[in-house]
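Peer 1: Next come a sequence and a model predicted from it.
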Amino acid sequence: MCERCKCRTNHEILASTDLSGEDWHCDFTYYYDESHQIVKCRGCNTISFRKVSSNSEDYDYDEAINQTVQLVTELIYPHRNGARFSIKDTDLLPLNVKHVYEETIKATNNNQPVLAAMGIRALIETICKDRKAKGSNLFEKISDLVNIGVLAAEGESILHTLRTLGNDAAHEVKPHSTKKLSLALDVCEHLLQGVYLLPHHAKETFK
């Protein structure tokens, strides 16, 4: 998976270092193999780092072939982890909104659910601040987004749900499921599209 192409592409291994050996753990010896690689996407030439590893203790049962197979772990940097990519045209977003949004994407892809939920709340608050929504707290500012015509009335309750999700993460250090965070980011991205990106493109297209 290429981060820039945003799809699966062929990669070329530019350099590779292979390691293998044994180590003691409690009362037994286990064996390991590692391959550290610098790889380049053949589509856009983006460079990434890839690590592939396995050891003598990690096995799983494959029902398809009805036998036990050795597990192989792959790590890629920059992290992919399901490849939650940013929406297009983020350069059109206000700089502070863009930074919070991209950091939230990184936290999601790095499997940091608490930070991701806090980022979602921070993103909503940053949008409220940028659009000059009034209120003494985020609850009131979200409601004011409706008053000033930035947010449809139907979206108010959804944003309040996301605000609560962020509060749980910030005050109770509560991690939320990947599915819940993914849906929350979907909502935030629709908000970014509606508030910033679509109006810009409409203005450019129909001016």
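Peer 2: Alright, I've got the coordinates. Source: prediction; values computed, not measured. Residues are numbered from 1 along each chain as shown.
Peer 1: okay, CA-based contacts and neighbour counts for the rest of this
Peer 2: Noted.
Peer 1: hang on, residue 114 is in a strand, isn't it?
Peer 2: No: using DSSP: H, G, I helix; E, B strand; the rest coil, the assignment for residue 114 is helix, not a strand.
Peer 1: Count the residues that sit near it.
Peer 2: Other residues within reach of residue 114, judged by other C-alpha atoms under 10 Å, total 22.
Peer 1: Over to the one 4 residues further on?
Peer 2: Using other C-alpha under 10 Å, residue 118 has 23 neighbouring residues.
Peer 1: Residue 61 too?
Peer 2: Residue 61: 12 neighbours (other C-alpha under 10 Å).
Peer 1: One more: residue 149?
Peer 2: A count of nearby residues for residue 149, using other C-alpha under 10 Å, gives 10.
Peer 1: Also residue 59?
Peer 2: Residue 59, neighbours per other C-alpha under 10 Å, totals 13.
Peer 1: Tell me the spacing between it and residue 75.
Peer 2: Between residue 59 and residue 75 the computed distance is 18 Å (C-alpha to C-alpha, to the nearest Å).
Peer 1: next one: residue 42
Peer 2: 19 Å.
Peer 1: most remote residue from the protein's center?
Peer 2: Of all residues in the chain, residue 27 sits farthest from the chain's C-alpha centroid, using C-alpha atoms, centre = their mean; the distance is 39.5 Å.
Peer 1: Could I get the contacting residues of that one?
Peer 2: By C-alpha atoms under 8 Å, 6 or more residues apart in numbering, residue 27 lies in contact with nothing.
Peer 1: Can you pull the poorly scored residue ranges out of this structure?
Peer 2: 6, 25-26, 79-83 (pLDDT under 70).
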